[in-house]
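**Q** Build me a model from this:
(one chain, ligands or ions: 1)
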Amino acid sequence: MQSLDDFATQKLAVLERDSLRRMLVETDRVDGVWAMRNGRRLLSFCCNDYLNLTHHPAIKEAAIAALTRYGVGSGGSRLVSGNHPLFLELESRLARMKGTEAACVFGSGYLANIGIIPALIGEADMILIDELAHACLWAGARLSRATVVPFRHSDVEHVEALLSEQRGHHKRALIAIDGVFSMDGDLAPLPALAALAQRFDAWLLSDDAHGIGVVGGGGGSTFAHGAKADVPLQMGTLSKAVGGYGGYLCASNAVIELIRNRARSFVYSTGLPPANVAGAIAALDLIEGEPSYAALPLQNARAFTRMVGLPEAQSPIVPLLMGEASAALVAARRLESEGFLVIAIRPPTVPKGTARLRLTFTAQHPDAEIERLAGTIRSRLQAA
Ligand SMILES: Cc1ncc(COP(=O)(O)O)c(C=O)c1O
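**A** Residues are numbered from 1 along each chain as shown. Okay, the predicted model is just below:
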């Protein structure tokens, strides 16, 4: 039999050959936008810290105070001994922000999706999932053992056709989609999907990981389409614009109570450390209290898309499609030589042939640097 090490070495060689091997590179984020890497100071355009809250003094202070008061870890699953007093406050704040009755905080966004979906959907049911949905929505869908039916990216007519054809064969149906697509930056057509869900007796789950804090006036993608979209399951993460770590679901009282009882990644996993929870509460204070600051990442992304002649950004995420993985790696290296930290995103994170640079804009990116980035991209990359 092939040894374990031989197996791993061969697998890695294939990844290397196809320009798909990933490496951990030590990166010291010195503040919300600058990072030290390989001895160089680089301006990061690849981080999800859209509001630069990872380094915000008031948020750090809140986290330190909670750590001092409640300790480093939560000490257990929240259902056992890990439900420290800060959770209630964070959950009621999230529910208020998202306009739901209740919320449930998980250890991470990934844990949230792999817990929520199998708690609500089972073997006799169907899940319609956007072909570009995040890996953890797919993981949750597969864990549920339901019939998983992908639909073309944000294609409402395709969802309608699939529901017309297949809804009758299944007990329950769930439509799962990213509210803001993590690798493309576009918004999901939530109002149209909500109408279909209503018509076909299906439930709608949106993953707002990249929406909270930065679109819809800070409330996220549910609020980014004019009137609030009717999304009964609003999932998200505290690890991007909120600046810390953790995941959540906002929903009705009954659904949240069921999730607390049945979502395995909630029941059988340790509660978030108190410092994370306190930091998230302080971050929500800032997001709700300073809407003009929360609007800056999208404004910066839009300034950039105007400068380079791309379609107007719908979120702080702007993809620059390169095609082959090797081309994306070369482009990332060129930008790094100009002092910009931008990461090549390659399959399987994105479909084959669509490797890209994924630019993310934050509140504190200096205007002059956005202009310099746009100039570099116009002259060096488009000429290549
Ligand atoms: C769309 C989307 N959903 C979920 C997650 C997972 O969130 P977390 O990093 O909190 O596990 C991410 C981020 O990695 C994401 O981009």
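
**Q** List the neighbouring strands of the helix or strand that contains Val105 plus their orientation.
**A** Per DSSP states H and E, Val105 falls inside strand 102-106. Looking at strand 102-106 with DSSP bridges, its partner strands are strand 247-251 (antiparallel).

**Q** neighbouring contacts of the helix or strand following the partner strand?
**A** Later in the chain than strand 247-251, the nearest helix or strand by DSSP H and E is helix 253-262. Identification of contacts with helix 253-262 by Cβ atoms under 8 Å, 6 or more residues apart in numbering yields 78-79, 101-104, 115-116, 119-120, 232-233, 249, 251, 266-267. All C-beta atoms are positioned from the backbone trio N, CA, C, and that covers glycine.

**Q** Quick check: whichever residue of the stretch 51-200 of the chain sits closest to the ligand vs Ile129, distance?
**A** Residue of the stretch 51-200 of the chain nearest the ligand, by Cβ to the nearest ligand atom: Gly109 (2.4 Å). For Gly109, the distance to Ile129 equals 16 Å [Cβ to Cβ, to the nearest Å].

**Q** Would you point out the most distant pair within the contacts of helix 253-262?
**A** Leu79 and Pro232 (23.7 Å; Cβ to Cβ).

**Q** SS state for Ser265?
**A** helix (DSSP: H, G, I helix; E, B strand; the rest coil).

**Q** nope, Ala195 is what I meant
**A** helix.

**Q** Check Ala368 too.
**A** Applying three-state DSSP: Ala368 is helix.

**Q** Distance of it relative to the ligand?
**A** 29 Å (Cβ to the nearest ligand atom, to the nearest Å).

**Q** what's next to stretch 288-307, contact-wise?
**A** 50-51, 97, 185, 213-215, 217-218, 241, 286-287, 310-313, 315-318, 359-365, 367, 370-371, 373-375, 378.

**Q** what about burial for those residues, which qualify?
**A** 50-51, 97, 185, 213-215, 218, 241, 286-287, 310, 313, 315-318, 359-365, 370, 373-374 (16 or more other Cβ atoms under 10 Å).

**Q** Grab the nearest non-local neighbour of Arg358.
**A** Ile345 (4.7 Å; Cβ to Cβ, 6 or more residues apart in numbering).

**Q** Any idea what that neighbour is bridged to?
**A** Here Ile345, judged by DSSP bridges, has bridge partners Arg356.

**Q** For it, give its distance to Pro351.
**A** In terms of Cβ to Cβ, Ile345 sits 11 Å off from Pro351.

**Q** hmm, back to that, who's in contact with the residue nearest to Arg358?
**A** So Ile345 contacts 183, 319, 328, 355-358 (Cβ under 8 Å, 6+ apart).

**Q** Widest-spaced pair of the residues you listed?
**A** Met183 and Ala328 (11.8 Å).

**Q** Can you pull up the most central residue in this protein?
**A** Ala209 (3.2 Å; Cα atoms, centre = their mean).

**Q** Next up, the contacts around that residue.
**A** Contacts of Ala209 by Cβ under 8 Å, 6+ apart are 109, 134, 178-180, 182, 235-237, 239-240.

**Q** So it belongs to a strand, correct?
**A** No. Under three-state DSSP, Ala209 falls outside any strand and is assigned coil.

**Q** What pLDDT does the model give Gly32?
**A** pLDDT recorded at Gly32 is 89.

**Q** close enough to count as contact, it and Lys60?
**A** No. Applying Cβ atoms under 8 Å as the test, Gly32 and Lys60 come out as separate, 11.5 Å apart.

**Q** which parts of whichever strand or helix holds Thr9 are buried?
**A** Secondary structure from DSSP H and E places Thr9 in helix 4-17. Within helix 4-17, no residue counts as buried by 16+ other Cβ under 10 Å.

**Q** any low-confidence regions in this protein?
**A** Flagging of the chain using pLDDT under 70 yields the residue ranges 380-384.
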